[in-house]
Each structure stands twice: as structure tokens, then as C-alpha cells.
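Trainee: coords below, sequence missing:
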């Protein structure tokens with residue numbers, strides 16, 4: 001889809017991701033409003049930066065796959081669980097239940113993904 005959107009001749013392909021995102025956002029808001037009411041301004045302000053950064057991370061991910069080799073990009077992407085565990089341990093600390101099992105699981109997932117990436121490349 002990114003490759004199609006990068007060609008200036010296909011304007012419809014450029015409009016699909018924003019329309020899809022807007023539809024999903026509207027669906028989430030309707031579902032949330034029906035379940036418990038609209039989120040407060042405080043909730044939106046606290047979660048909006050994370051949502052924006054998450055969206056930006058997917059733009060970067062698609063660009064990496066578009067411009068790089070999958071055998072290089074995939075093992076790097078596979079380290080996201082290790083980064084998640086490490087940053088939550090560093091920033092959140094003891095309030096999260098991060099024990100040796102979680103760390104060992106994250107390392108196993110990353111190691112397996114890297115092994116698959118190296119074997120495929």
C-alpha cells in the first residue's frame with residue numbers, strides 16, 4: 001500500500017490510510033461512548049501523545065520495510081518486546097510485575113526472531 005501511495009499517479013491509494021484511520025477512530029469513539037461515555041479531556045490529553053507516537057512509529061515501520069531489506073528490518077522490529085520490558089522496568093519500576101520470567105521471555109522472543117531473520121537472510 002505504501003508503494004502505491006508513493007506514486008503520485010494513484011491519488012486514491014494516498015487517501016485510503018487516513019480514511020481508514022478516521023473510520024477506526026470514529027468507531028472507537030462511538031463504542032466507548034456507548035459503553036461508558038466519552039473520554040474526559042484529561043484522559044484524551046494523557047493518551048493523545050502515546051497515540052500520536054504509536055501512529056508515527058507505524059509510519060516509520062512501513063518506510064523501513066519499503067526502503068530496507070526485510071531480512072534486516074524484521075529482526076530489528078522483533079526487539080520491540082525487549083525495549084518494552086526494559087523501558088517499563090526503567091520508567092515504571094516496581095509497580096509492574098517484571099520478574100526474571102518476563103525478562104527471560106522477552107529475550108527468548110527477541111533471540112528467536114533474530115535467529116529466524118538471520119536464517120532467512
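Mentor: Alright, I've got the coordinates. It should be emphasised that the depicted structure is a prediction, and the values quoted were computed from it without experimental measurement.
Trainee: what is the mean pLDDT for stretch 110-121?
Mentor: Throughout stretch 110-121, pLDDT has a mean value of 75.
Trainee: could you list the residues in contact with that stretch?
Mentor: 69, 71-72, 74-75, 78-79, 81-82 (C-beta atoms under 8 Å, 6 or more residues apart in numbering). All C-beta atoms are positioned from the backbone trio N, CA, C, and that covers glycine.
Trainee: pLDDT-wise, which helix or strand of this protein ranks last?
Mentor: In the chain, the helix or strand scored least confidently by mean pLDDT, DSSP states H and E is helix 2-6, which has a mean of 52.
Trainee: packing partners of the helix or strand that it is followed by?
Mentor: Note on helix 2-6: by DSSP states H and E, the next helix or strand toward the C-terminus is helix 11-36. If you count contacts as 3 or more C-beta pairs under 8 Å, 6 or more residues apart in numbering; DSSP states H and E, helix 11-36 packs onto helix 2-6.
Trainee: kindly recompute the last result at 10 Å.
Mentor: helix 2-6, helix 41-67 (3 or more C-beta pairs under 10 Å, 6 or more residues apart in numbering; DSSP states H and E).
Trainee: if we can go back for a sec, show me just the buried residues among the contacts of stretch 110-121.
Mentor: By neighbour count, with 16 or more other C-beta atoms under 10 Å, the contacts of stretch 110-121 hold 74-75, 78, 81-82 as buried.
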